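Colleague: I would like the atomic coordinates for the input below:
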Amino acid sequence: MAGNPLSDMFRIKELRQRIFYTIFWLIVFRLGTYLPLPGINASALQSYFASQSGSGNGITDYLDFFAGGAFKNFSLFMLGVMPYISMQIIMELMLIIFPKLKAISEDDGGRKKIAKWTRIGTIAICIIQGYSTTVWADRIPNAIVMDNRFLYTFISILTVTTGTMFLIWIGEQITKKGIGNGISMLIFAGIVARLPNAVYELIKKIQAGEINAIYALVVLVMFVVVVALVVVEQQGERKIPVNYAKRVVGRKMYGAQNTYIPFKINPSGVVPVIFASSILSFPLQIAQSFGVNAKWLRDFSSFLNPAGVWYNLLYVLLIIFFAYFYTQVTLNPQEISKNIRENGGSIPGIRSDKMEEYLSKILNRIILPGAIYLAIIAFIPSLVQRLFNFPSELSYLLGGTSLIIIVGVDLDTMSQIEGIMKMHHHDGLMRKGYNKSRNL
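Modeller: Numbering: from 1, shown residues only. The predicted structure is shown next:
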């Protein structure tokens, strides 16, 4: 059925319901980022951060970036979904380190147990981070209007923990009944909602003469080129040919079939960037909140400043590590080889017993350049900030990490929309080609 793909999206009842369902929860999320915690003076916060603007406090801008602007507002959702992502990483590592835990996850109902433990661990991380935010707020003049500090601390920890768990629930609902991966969509919405204001701030600084207009134009052109390169990198794949011999199933004989295994250049998508950012944001927040009382924490906070060399080096290494780690979790050469052999398949020119070794070799060769490419793009904000004197908040929103997340989540969401439209016999969003969706 031919027609306008955008109008066809809303003609399909299932797709229309999914889109509006997703939009509804994203609106709820954005409203929650402006609801301040009980006992917080919102105007005092605005005055404080306005006075800190341009002071080079990259840690606050970094944490605020991944909370969708909720961190500086001291809002209900100020911790975002990062505690949950951090706990997911810890749990995945524990599954690899402890064989008994992995055996439990593979039993009937095992994944539900792991998911339950992950949520319990998330609550523990939220309590730690929630307490650190109360300590930090106590250092901001007139930020806390509640006289009873113990009551304020208790209410704040309870509120931010509830806010994060509610966001996790929203993410799960979007994944089940909406469009795209729920957790990724929440991060995506937080970034996109702040882009108009970031562009407006850039225009104001150009008019004020704080940023050279030519530099700004060069940077914007560079960002457009990077977006195009991210799309190419996300869609690039290595096709491994697989031949299946004739086989008998029941009373039917199936003929020989030639197909291929599509190995993406970047099989893990935006996951390494989100994982690396989540791992770094937790110690950054703790160091910033308690650094006033401990010299070693102040030194650590300075050492791990997002604008510093050591932070960016660690960030790059973590992206490469998680690119390999997540790919090994989701694309196991041993399992792929086993499935091919059990279905009577073979890879041309490769012996059956060497299939696993061959697939591992191919994966290792394509993951490294993809991971390095991701790391280079994620490094762009710091480079722009240093070379062109861009404010850190603008750099985070207009470059690197945000571009990877925006493009990656957008491509995966379009893939899901494409699948639903074709299932209902409509043309997809892209007339030529097909996006193979990935489970984030």
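Colleague: Which strand or helix spans the residue nearest the centre of the chain?
Modeller: Central residue of the chain (C-alpha atoms, centre = their mean): I274, 3.7 Å from the mean position. In the assignment (DSSP states H and E), I274 maps to helix 271-290.
Colleague: Do me a favour and average the pLDDT over that helix.
Modeller: If you average the pLDDT over helix 271-290, you get 78.
Colleague: Now do the buried residues in that helix.
Modeller: For helix 271-290, the neighbour count (16 or more other C-beta atoms under 10 Å) marks 271-282, 284-290 as buried. Every residue, glycine included, has its C-beta placed from N, CA and C.
Colleague: So K239, which state does it fall into?
Modeller: strand (DSSP: H, G, I helix; E, B strand; the rest coil).
Colleague: Excluding sequence neighbours, find me the nearest residue to it.
Modeller: Y260 (4.2 Å; C-beta to C-beta, 6 or more residues apart in numbering).
Colleague: Could you do G370 as well?
Modeller: Going by C-beta to C-beta, 6+ apart, G370 has N266 as its nearest residue, at 3.9 Å.
Colleague: show me the residues around that neighbour that make contact.
Modeller: The contact partners of N266, taken as C-beta atoms under 8 Å, 6 or more residues apart in numbering, are 233-234, 236, 323, 367, 370-371, 373-374.
Colleague: Mark which of the residues you listed are buried, thanks.
Modeller: Judged by 16+ other C-beta under 10 Å, buried ones among those: 233-234, 323, 367, 370-371, 373-374.
Colleague: Switch the residues you listed over to CSV; also include distance to W296 and secondary structure.
Modeller: As requested, those are exported to CSV (distance: C-beta to C-beta, whole Å; DSSP: H, G, I helix; E, B strand; the rest coil):
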residue, distance to W296, secondary structure
E233, 40, helix
Q234, 41, helix
A323, 32, helix
I367, 36, helix
G370, 37, helix
A371, 32, helix
Y373, 36, helix
L374, 32, helix
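Colleague: How many residues are close by the closest residue to the residue nearest to the centre of the chain other than its chain neighbours?
Modeller: Nearest residue to I274, sequence neighbours excluded (C-beta to C-beta, 6+ apart): I85, at 6.2 Å. Applying other C-beta atoms under 10 Å, we find 25 residues neighbouring I85.
Colleague: burial count for L151?
Modeller: Neighbours around L151, by other C-beta under 10 Å: 12.
Colleague: Okay, and it sits in which element?
Modeller: helix 149-177.
Colleague: what comes up buried for that helix?
Modeller: 152-153, 155-157, 159-161, 163-165, 167-168, 170-171, 174-175.
Colleague: same question for it, mean pLDDT?
Modeller: On average, helix 149-177 scores 93.
Colleague: From the chain's centroid, how far away is it?
Modeller: 19 Å (C-alpha atoms, centre = their mean, to the nearest Å).
Colleague: Helix 149-177 and the next helix or strand after that helix, what's the angle between them?
Modeller: Where DSSP H and E defines the elements, the next helix or strand beyond helix 149-177 is helix 182-207. Following axes from the mean of the first three to the mean of the last three C-alpha atoms, to 10 degrees, one obtains 110 degrees for the angle between helix 182-207 and helix 149-177.
Colleague: So which elements touch helix 182-207?
Modeller: Packed against helix 182-207 by the contact rule (3 or more C-beta pairs under 8 Å, 6 or more residues apart in numbering; DSSP states H and E) you find helix 13-32, helix 58-66, helix 149-177, helix 213-235, helix 392-398, helix 400-423.
Colleague: Let me know the angle separating that helix from helix 58-66.
Modeller: 130 degrees.
Colleague: Need the mean per-residue confidence for helix 182-207.
Modeller: 84.
Colleague: Which pLDDT value does the model give the closest residue in space to I40 that isn't next to it in sequence?
Modeller: Among residues not flanking I40 along the chain, F74 sits closest, at 4.8 Å (C-beta to C-beta, 6+ apart). Listed pLDDT for F74 reads 89.
Colleague: for M253, same thing?
Modeller: Looking at M253, the pLDDT reads 61.
Colleague: Report the contact partners of S105.
Modeller: S105 neighbours (C-beta under 8 Å, 6+ apart): 95, 111, 113-114.
Colleague: quick one: which of those is most hemmed in?
Modeller: I114 (19 neighbours).
Colleague: Test my guess that that one contacts I90.
Modeller: No: at 11.5 Å, I114 does not count as touching I90 under the criterion of C-beta atoms under 8 Å.
Colleague: hmm, back to that, if you count contacts, what does the helix or strand harbouring the residue nearest to K239 end up packed against?
Modeller: Assigning secondary structure by DSSP H and E places Y260 in strand 257-264. Packing partners of strand 257-264 (3+ C-beta pairs under 8 Å, 6+ apart): strand 237-244, helix 355-388.
Colleague: Pretty sure the residue nearest to K239 sits against V242.
Modeller: Yes: look at Y260 against V242 with C-beta under 8 Å: they come within range, at 6.1 Å.
Colleague: Tell me which of those two has more neighbours.
Modeller: Set Y260 next to V242 and count neighbours by other C-beta under 10 Å: V242 wins out with 18 against 13.
Colleague: Just list whatever residues bridge to the more buried one.
Modeller: Counting by DSSP bridges, V242 is bridged to T259.
Colleague: so it makes contact with F263?
Modeller: No: checked against C-beta under 8 Å, the pair V242 and F263 is beyond contact range at 11.8 Å.
Colleague: returning to that earlier point: can you state the direction angle for the helix holding I274 and helix 355-388?
Modeller: 50 degrees.
Colleague: Contacts only, for F303.
Modeller: 310-311.
Colleague: Can you check what pLDDT the model gives it?
Modeller: Confidence score, pLDDT, at F303: 76.
Colleague: re the thing from before, mind checking the SS state of the residue nearest to G370?
Modeller: coil.
Colleague: Same question for M94.
Modeller: Once three-state DSSP is applied, M94 turns out helix.
Colleague: For it, which non-adjacent residue is closest in space?
Modeller: Nearest to M94 is L101, by C-beta to C-beta, 6+ apart, at 5.7 Å.
Colleague: cool, V231 as well?
Modeller: V407 (6.0 Å).
Colleague: Okay, that neighbour and Q235: tell me how far apart.
Modeller: Using C-beta to C-beta, to the nearest Å, V407 is found at 10 Å from Q235.
Colleague: Good, we can wrap up now.
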